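In: coords please:
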Amino acid sequence: MNRAFWTILIVALVLVDQLSKWLVESYLPFEQQVQLLPFFSLYRTYNYGVAFSMFADFGRWPLVIMTTAIIGFVFWLWRNLEPGRALSALGYGLVIGGAIGNLIDRAVLGYVVDMLFFHIDPLNFRFAVFNLADTFITVGAGAIILDEINLWLRSRKQEKETEQ
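Out: So this is what the prediction gives:
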């Protein structure tokens, strides 16, 4: 796939993420749970750190610099990916799109807008509140890991075949 495809994908991911956050900021009350399903609610809150509020005490600009560096590193990994690794390429695109979405929040607002909340009340299970960008990053990382495992399994199979 060409550079235009990846650019359009990343821009689309960022736009969908930013639109969802704008809608949440415009219409969802702050820190009030809006139950949609027995296990899923919308809940607008702010994350001043990164995943699970880690590094919240760092402040806005150190996190902006750290996030920018991580995006640069992931982009470098993506650019150096061997041809034919479509699942990893998609994963890197998802990670970059999600990271840019959260970077925009962090740089402009000083926090990231979160709104997706999974919970199982009878078990008192509550997962961290997150957003679409976090979902893109998680799915992208999963795709990269899955592709790496697949590559490793193929190489082991080839090693066994050459030994015989």
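
In: please make it C-alpha for all contacts and neighbour counts, starting now.
Out: Fine.

In: this protein: helices as residue ranges?
Out: Secondary structure of the chain by DSSP state H: the helices cover 3-27, 60-79, 86-109, 132-163.

In: which of the ones you listed sits most buried?
Out: Greatest average neighbour count among these goes to helix 86-109 (a mean of 22), per mean count of other C-alpha atoms under 10 Å.

In: quick one: mean pLDDT over it.
Out: The pLDDT scores in helix 86-109 average 97.

In: hmm, back to that, tabulate the helices of the chain (JSON lines), appending distance to residue 40.
Out: Formatted as JSON lines, those follow (distance: least, C-alpha to C-alpha, whole Å):
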{"stretch": "helix 3-27", "distance to residue 40": "15"}
{"stretch": "helix 60-79", "distance to residue 40": "29"}
{"stretch": "helix 86-109", "distance to residue 40": "21"}
{"stretch": "helix 132-163", "distance to residue 40": "14"}
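
In: so which of those helices comes closest to residue 115?
Out: helix 3-27 (7.2 Å; C-alpha to C-alpha).

In: about what we covered before: relative to residue 35, which of the helices of the chain is closest?
Out: When the helices of the chain are compared by C-alpha to C-alpha, helix 3-27 sits nearest residue 35, at 14.2 Å.
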